[in-house]
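I would like the atomic coordinates for the input below:
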Amino acid sequence: MAVQHKRVSLRTKLYSIFVISLFLLTIFFRAYHFSQNIQFDQDFGRDSLYAMRMLNGKLTLLGPQASVGGFYLAPLYFYLVAAVYGLVGYIPQTMSVVFISMGIATVWIGFHLQKTYFSRTAALLFLIFVVTHQTLVIASRSATNQPIIPLVTVVTVLAYMAALQKKTLRSYLYVGLAYGLYFHVHFSGLLLFPALLLLTFIQNKGTVRYTIQKFIAVGLGIFIMLSPLVFFDLRHNLITTKAFVTYISASAEGKAIATNLPHWNTVEKIQHTLKFFSPNMVLSLLIIGLAGVCAVKMRERHIGSMRRSYLMALGVFSLSSIAFIFVYRGYLFDYYVLSQLTVSLLFVSALLSLLRPRMIAFGLVSITAIFFLRTLDYSPKFRTIANLRPIMDVMETDLKKSPNKPFAVFQDSVDGLSSLAYSYRFLFERDGFHPVSEYFYEQATVLYVVAEGGEINPALLGNFEVRMFGPGSYALLQKVHTGEQDIFVYRVEKHKD
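The predicted structure is shown next:
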């Protein structure tokens, strides 16, 4: 008996050491050289600018207009950004620490879910899966709302499992509140909504009255989180609702955002989904195949009702949301599928934990982690604060020569998605310069054009913002070499009437 106890104790110690080591690696891979790799891009600049405006007294019940679709998000995330800036000052690098912490918190909550509701083996497999997972590492190092998407996903699953266990209406209210966080973060969370409704209906079955009460509790929680958007929409002729419906319709017709990027066909969507589990297609197919075998043979095993319910919940969340990938017609950015990716890794790692002998599962997942490790890229990025600083110096030096002229800034970016130049706008505001509103380019008499793709003629730009500014004469201020790129900075002076 004493020998057996020592073996259990040794096994527990080894497990703890392994888990701690993996968590340390999780932190390392997400935090390594973060200040050189965090990009201060369009979305991060927009978020920072709105947070600054909040701190300057422009409190709001609404976030800024989304970069995709033209609708609005609720403001909670932007108040978080404002709170960080309010504490440490307008230092964007500090926000990157918050985002990295969110990525680490996602891993910890996922590990806790697996260990609490399934097994230590499932928790360890999940941890090995995500420690070097390229998409999740990149999301954690993205200075925008991306790292919050997986975090809200695991928080929603955690709240749902607590409700499944406690069976109280208050716990279902918390499910709605947790899910409602998506409306403050990213529209992709809506892909989990049908699964949430289905699970609320089929699990924890009771009387018809209890089922209705569950739906009311979840709906009330969602409404509480959604209320800022609801009140705004009612006051502004349903502007967000109409924009969102238009976006959904455009997506169904294949006319959504990024029409300049190739729309994915079914084969490409299958390949992308397989990359959830490994960069190697053969290894991904093997993992999914073995997980499927475990799912089929699960009926022969007595795993307990709560573990079975947990697997069902993950399966419904995972499979139903993945189905939407194949319905969506358009180009899929990686961050569109972060919710599906997160629940799929939880689901597959839980299934693989049933595989015997266990070393097969650990071997496969460890090989996958090595493949993911080889894909991690820590090369310096272009749109960092350090790289943007020389560009800002050129424009600010010119501004000091004519300080009273209203000005605007336009970014001619390679991706074509950053024309409003929110990054530069934030840096201008932080440095004490105040460009005209991004919605009123016509009020400016000077327009600074930052050309990232090479030398251009600003007069030939057909973008809406440039047309709003109007015709003018231009001059090249300077060619700036920064971040291993040549950036051309132009000054456009509006023609006098």
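
Dead centre of the protein: give me the residue that sits there.
The centroid of the chain falls nearest to Gln146 when counting by Cα atoms, centre = their mean (1.8 Å).

any idea how far Leu354 is from it?
Here Gln146 is placed at a distance of 32 Å from Leu354 (Cβ to Cβ, to the nearest Å). Yep, even glycine has a C-beta here, placed from its N, CA and C like the rest.

close enough to count as contact, the residue nearest to the centre of the chain and Tyr336?
No. The criterion here is Cβ atoms under 8 Å, and Gln146 misses it with Tyr336 at 10.1 Å.

Overlap in contacts, these two.
Counting by Cβ atoms under 8 Å, 6 or more residues apart in numbering, Gln146 and Tyr336 have no contacts in common.

ranges for the strands of the chain?
407-412, 446-451, 472-482, 485-494 (DSSP state E).

Put together TSV for those strands, with mean neighbour count, distance to Leu196 and mean pLDDT on each row.
Listed next are these as TSV, based on neighbours: other Cβ atoms under 10 Å; distance: least, Cβ to Cβ, whole Å; pLDDT from 0 to 100:
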stretch	mean neighbour count	distance to Leu196	mean pLDDT
strand 407-412	25	39	89
strand 446-451	24	43	92
strand 472-482	15	46	89
strand 485-494	19	44	90
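
Mind putting the ones you listed into CSV with distance to Gln93?
What follows is the strands of the chain, written out as CSV (distance: least, Cβ to Cβ, whole Å):
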stretch, distance to Gln93
strand 407-412, 21
strand 446-451, 21
strand 472-482, 17
strand 485-494, 21
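
So which of these is nearest Thr135?
Minimum separation from Thr135 across these (Cβ to Cβ) falls at strand 485-494, 25.7 Å.

Which strands and helices lie in contact with that closest one?
Packing partners of strand 485-494 (3 or more Cβ pairs under 8 Å, 6 or more residues apart in numbering; DSSP states H and E): helix 385-401, strand 446-451, strand 472-482.

Can you check what angle separates that strand from strand 446-451?
Here strand 485-494 points in a direction 160 degrees away from that of strand 446-451 (axes from the mean of the first three to the mean of the last three Cα atoms, to 10 degrees).

All further residue positions should be reported with the first residue as 108.
Sure thing, new numbering starts at 108, so read that last one as strand 592-601.

Strand 592-601: how far from the chain's middle?
Mean C-alpha position of strand 592-601 versus that of the full chain (Cα atoms, centre = their mean, to the nearest Å) differs by 32 Å.

and that strand, which strands flank it?
Paired strands of strand 592-601, with direction, are strand 553-558 (antiparallel), strand 579-589 (antiparallel) (DSSP bridges).

how many neighbours does Thr153 have?
Residue 153: Arg, not Thr. 25 (other Cβ atoms under 10 Å).

what residues are up against the nearest residue to it once chain neighbours are set aside?
Spatial nearest neighbour of Arg153, excluding adjacent residues (Cβ to Cβ, 6 or more residues apart in numbering): Tyr529 at 4.0 Å. For Tyr529, the contact set (Cβ under 8 Å, 6+ apart) comprises 149-150, 152-153, 155-156, 545.

Where does pLDDT dip in the protein?
108-115, 142-144, 174-177, 357-370, 407, 437-438, 521-526, 604 (pLDDT under 70).

Is His240 in contact with Leu480, as I believe?
No. With contact defined as Cβ under 8 Å, His240 does not reach Leu480; the gap is 9.7 Å.

Show me which of those two is the more surrounded one.
His240 (28 against 16).

For the residue nearest to that one when sequence neighbours are not counted, grab the count of nearby residues.
In space, and not counting its chain neighbours, His240 is closest to Phe479: 5.4 Å by Cβ to Cβ, 6+ apart. By other Cβ under 10 Å, 24 other residues sit near Phe479.

Now do stretch 553-569: distance from first to last residue.
17 Å (Cα to Cα, to the nearest Å).

chain center to that stretch: distance?
Distance of stretch 553-569 from its chain centroid, counting by Cα atoms, centre = their mean, is 30 Å.

Now render the strands paired with strand 592-601 as TSV, adding distance to Phe206.
Converted to TSV, these look like this (distance: least, Cβ to Cβ, whole Å):
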stretch	distance to Phe206
strand 553-558	25
strand 579-589	24
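
Looking at the contacts of Tyr529, which are in helices?
Among these, the residues falling in helices (DSSP state H) are 149-150, 152-153, 155-156.
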